[in-house]
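Quick one, fold the following:
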Amino acid sequence: MKPFLKILFLAMVLTATAHAQDLPAWKKNAVAVTIPVHAAKIVIIIDDMGEDRVHTKQITELPGPLTLSYLPYPEHVAEEVAAGRKAGHEIMVHMPMEPMHADLETGDYFLTTEEPADEFMAHLNKNLAAFDGYVGVNNHMGSRLTTDRKSMDMVMAELHTRGLLFVDSRTVSASVAAESAAAHGLPQISRDVFLDDVPTIDAVRHQLSEVERVARRQGHAVAIGHPKAATIDALKEWLPTLKDKGFVLVPVSAVVNTGS
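Now for the predicted structure:
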């Protein structure tokens, strides 16, 4: 390579590298996709990843890009996340948040409305440090915490600082999570459909039909499922059908509302 061409090439590489470093984390860690004109976009988020290693692996092997949301506390979670990313899926943190029912299992990883602010932030930052390479966060449980604006504002302020997006799983209709995220300037979106509240293959098939209906109506749909046998089996048969129906599977970063 001639000297001036070599200098020009190096300058282009340095410029591209500097630009990439300036990107917020949600863009830097996003999975790139090509979206056909007029195709309705479908996002499939799989929560509770990393806890059941067998079903986690089966989810990872599905065609993507799926959006995989990993719990921060399983022992091998960083290894599982690396496998998910290598398979071409987008990664999120499934943030444990206080549920409405006190009898549900929680623990030190759960953010609660009653803990002092310094403890709340320590738990939040501990969870965010469990692994890297993610675009953002969605709530695990959280039917109580997501209705508390003060708690949500603490979460969203930290996520904004880190350049992350937020998905409101909407485990309760009174959630203020999306409102708080928008107020803090986060890219954000809310779940449209739960896939497997009833964990049978026929029930999941019915919910996938609802995902299609929503996507046709509003141009996109965000569905949340879990690493359950019925969900895995239904997705195996359904995902290959999307292209012929005029849909495109995209990661959540492709549909978030950036407020622009």
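
so how many other residues sit close to Arg144?
Residues lying near Arg144 (other C-beta atoms under 10 Å) number 20. Heads up, the C-betas are built off the backbone N, CA and C, glycines and all.

Next, give phi and psi for it.
Reported as degrees, to the nearest 10, the phi and psi values for Arg144 are phi -90, psi -50.

you'd agree it is up against Phe110?
No. With contact defined as C-beta atoms under 8 Å, Arg144 and Phe110 do not form a contacting pair (10.1 Å).

shared neighbours, those two?
Contact criterion C-beta atoms under 8 Å, 6 or more residues apart in numbering; residues shared by Arg144 and Phe110: 97-98.

quick one: low-confidence parts of the stretch 151-260 of the chain?
Regions of the stretch 151-260 of the chain meeting the criterion pLDDT under 70 cover residues 260.

what ranges do the strands span in it?
Secondary structure of the stretch 151-260 of the chain (DSSP state E, counting those that start in this stretch): strands at 165-168, 188-190, 193-194, 220-225, 247-249.

can you tell which of the ones you listed is closest to Asn138?
With C-beta to C-beta as the measure, strand 165-168 is the member of these nearest Asn138 (3.9 Å).

burial of His38, as a residue count?
What His38 shows, counting by other C-beta under 10 Å, is a neighbour count of 8.

Chain neighbours aside, what residue packs nearest to it?
Gly246 (7.4 Å; C-beta to C-beta, 6 or more residues apart in numbering).

biggest strand in this structure by residues?
In the chain, with assignment by DSSP state E, the single longest strand is strand 40-49.

residues touching the residue lying closest to Thr112 once chain neighbours are set aside, list them.
What sits nearest to Thr112 in space, not counting adjacent residues and going by C-beta to C-beta, 6+ apart, is Glu98, at 4.3 Å. Residues near Glu98 by C-beta under 8 Å, 6+ apart: 106, 110-113, 141-142, 144-145.

Between the residues you listed, which has the least confident prediction?
Among those, Thr106 carries the lowest pLDDT, at 67.

mind checking pLDDT for the most centrally placed residue in the chain?
Central residue of the chain (C-alpha atoms, centre = their mean): Met92, 4.2 Å from the mean position. As predicted, Met92 sits at a pLDDT of 99.

and the angle for the helix or strand hosting it with strand 40-49?
Following DSSP states H and E, one finds Met92 within strand 90-97. Strand 90-97 and strand 40-49 are oriented at 50 degrees to each other (axes from the mean of the first three to the mean of the last three C-alpha atoms, to 10 degrees).

ok, and for the next helix or strand after strand 90-97, which residues are buried?
Reading on from strand 90-97 to the C-terminus, the next helix or strand found by DSSP H and E is helix 117-128. Within helix 117-128, the residues scored as buried using 16 or more other C-beta atoms under 10 Å are 120-121, 123-124, 127-128.

got the angle between helix 117-128 and strand 90-97?
With the same axes, to 10 degrees as the basis, helix 117-128 and strand 90-97 are set at 150 degrees to each other.

roughly how far out does helix 117-128 sit from the chain middle?
Put simply, helix 117-128 sits 19 Å off its chain's centre (C-alpha atoms, centre = their mean, to the nearest Å).

wait, His226 sits on Asp196?
Yes. The pair His226 / Asp196 is scored as a contact, 5.6 Å apart, by C-beta under 8 Å.

Touching both of these two, which residues are there?
With contacts defined as C-beta under 8 Å, 6+ apart, no residue is shared by His226 and Asp196.

TSV please, covering the strands of the stretch 151-260 of the chain and showing distance to Ile35.
Converted to TSV, the strands of the stretch 151-260 of the chain look like this (distance: least, C-beta to C-beta, whole Å):
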stretch	distance to Ile35
strand 165-168	18
strand 188-190	16
strand 193-194	20
strand 220-225	10
strand 247-249	6
